[in-house]
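[1] sequence and computational prediction follow.
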Amino acid sequence: MSNKLPLRKIIHVDMDAFYASVAQMDNPELKGKAIAVGGGGKRGVVSAASYEARKFGVKSAMAGTLAVKLCPDLIFVKTDFERYTEISKKIRKIFYDYTDLVEPLSLDEAYLDVTKNKKGNPSASLIAKEIRTRILDEVGLTASAGISINKFIAKVASDYNKPNGQKTVNPEEVLDFLEVLDIRKFYGVGKVTAEKMYQKGIFTGKDLKQKSLEYLDEHFGKSGGSYYYIVRGIHNSEVKPNRIRKSLAAERTFNENLSSEIFMLEKLEHIAEEVSRRLLKSKVAGKTVTLKIKYSDFTLQTRSKTLPYYLGDKSVILETAKDLLYQEKLSNSVRLLGISMSNLNTEKKKKPEVKKSVSVQLKFEF
């Protein structure tokens, strides 16, 4: 067992209902009311919901029509990404007062490695509290935080005392914390995987821990090894300040369902143009084109093709997307189309992750 195992103090900061909270801050009349960002109109989809709306079951990615049925007094507000970006930059500026090891996951959440920090504060918990206080005082919004020895546990912990709270999982508490954790709370375990685990008698971290590495590899493929180590508190991924983009996409939801491929070609042209514009702006190119199709019954299908060269030109993206569209017959009318580019020229080959015991980390004064 190596004594050179990196010992880290990681904070995951997650803004509370960010888009909705920004709308309520900018318009005081919306405070305390059930609001949904996006989702307006017959075809709209909710991007975010305030906590007042969530009490009625309204959540992101839900059709606006269903959201209104659940919450008749729901107020819809338009998305304003320019404003969200402006606020996000102010929040990140606060992060950098404490550490340069900041890995943004999106506009409203980020990992911070404060093992060695600019304040010389040995307590990650106190740093998280100070950061949350400054965000409230300087920006006007609340944030929640999770603090622990690695990114996985910190992210899970940040959801525990939402909104406007934080949870620290100390090194000596890690294994017990993971054992009683509902499998649905494991970051990276989606609905389908959770159902599969239920069928195999895996409901908690303790159940997962009882399965061998061979068993998990057999039944969960490449993710099996990750589950095996994570439930033992082993997750050695570093906080990466310059997070590499892995994909880029654009999509459109239509006012009316489309039932013919011919009517979809014009829509695909606009989407391909937007993807090409974003690739150019980001100064990247990709090899893999993926066509996303959401049918009128909300089932989702993706079709992908990898080319032998990097591309960013609209015409090539469009032609590839057309090929994917005609690849097989559509099973229903279509409400949404999207195109994404992956296998970008920014990606580097990953070095094999060295799996090390968590027992050394448990000696770490947190």
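    Arrived safely. Numbers count the residues shown, from 1 in each chain.
[2] contact partners of the longest helix seen in the chain?
    When every helix of the chain is counted residue by residue (DSSP state H), the longest turns out to be helix 261-282. Defining contact as C-beta atoms under 8 Å, 6 or more residues apart in numbering, one finds that helix 261-282 is touched by 245, 248-252, 254, 258, 285-286, 312-314, 317-318, 321-322, 325-326, 330, 334, 337-341. For glycine as for every other residue, the C-beta is placed from the backbone atoms N, C-alpha and C.
[3] filter those residues down to the buried ones.
    The neighbour-count criterion (16 or more other C-beta atoms under 10 Å) marks 248, 250, 254, 258, 285-286, 312, 314, 317-318, 321-322, 325, 330, 334, 337-341 among these as buried.
[4] in helices, which of the residues you listed fall?
    Counting by DSSP H, the members of those that fall within helices are 314, 317, 318, 321, 322, 325.
[5] what is the burial count for the residue nearest to the second one when sequence neighbours are not counted?
    Yep, that's residue 317 we're talking about. The spatially closest residue to residue 317, leaving aside those adjacent along the chain, is residue 272, at 4.5 Å (C-beta to C-beta, 6 or more residues apart in numbering). Residues within reach of residue 272, counting by other C-beta atoms under 10 Å, total 23.
[6] how much space separates residue 272 from residue 57?
    The gap separating residue 272 from residue 57 is 36 Å, by C-beta to C-beta, to the nearest Å.
[7] please enumerate the helices of the stretch 151-300 of the chain.
    In the stretch 151-300 of the chain, the helices defined using DSSP state H, counting those that start in this stretch lie at 151-158, 174-179, 191-199, 205-209, 213-220, 222-230, 261-282.
[8] tell me the angle of the first one relative to helix 222-230?
    Meaning helix 151-158. In terms of direction (axes from the mean of the first three to the mean of the last three C-alpha atoms, to 10 degrees), helix 151-158 departs from helix 222-230 by 80 degrees.
[9] make 730 the first number, not 1, from now on.
    Right, with 730 as the first residue, what we last looked at is helix 880-887.
[10] show me the contact partners of helix 880-887.
    Contacts of helix 880-887 with the rest of the structure, by C-beta under 8 Å, 6+ apart, involve 739-743, 838, 840, 873-877, 895-898, 903, 906-907, 910, 914-916, 959, 962, 964, 966, 968.
[11] could you redo the last one with a cut-off of 6 Å?
    Where contact means C-beta atoms under 6 Å, 6 or more residues apart in numbering, the residues beyond helix 880-887 that reach it are 739, 741, 743, 840, 873-875, 877, 896, 898, 914, 916, 959, 964, 966.
[12] now that helix: mean pLDDT?
    Helix 880-887 shows a mean pLDDT of 95.
[13] so where's the stretch 830-979 of the chain uncertain?
    Within the stretch 830-979 of the chain, the stretches falling below the threshold (pLDDT under 70) are 972-973.
[14] quick one: the strands in it?
    Using DSSP state E, counting those that start in this stretch, the strands of the stretch 830-979 of the chain run over residues 831-835, 838-842, 872-877, 895-897, 976-987.
[15] tell me how far the first one lies from the chain's centre.
    Using C-alpha atoms, centre = their mean, to the nearest Å, the distance from the centre of strand 831-835 to the centre of the chain it belongs to is 10 Å.
[16] what angle do that strand and strand 838-842 make?
    160 degrees.
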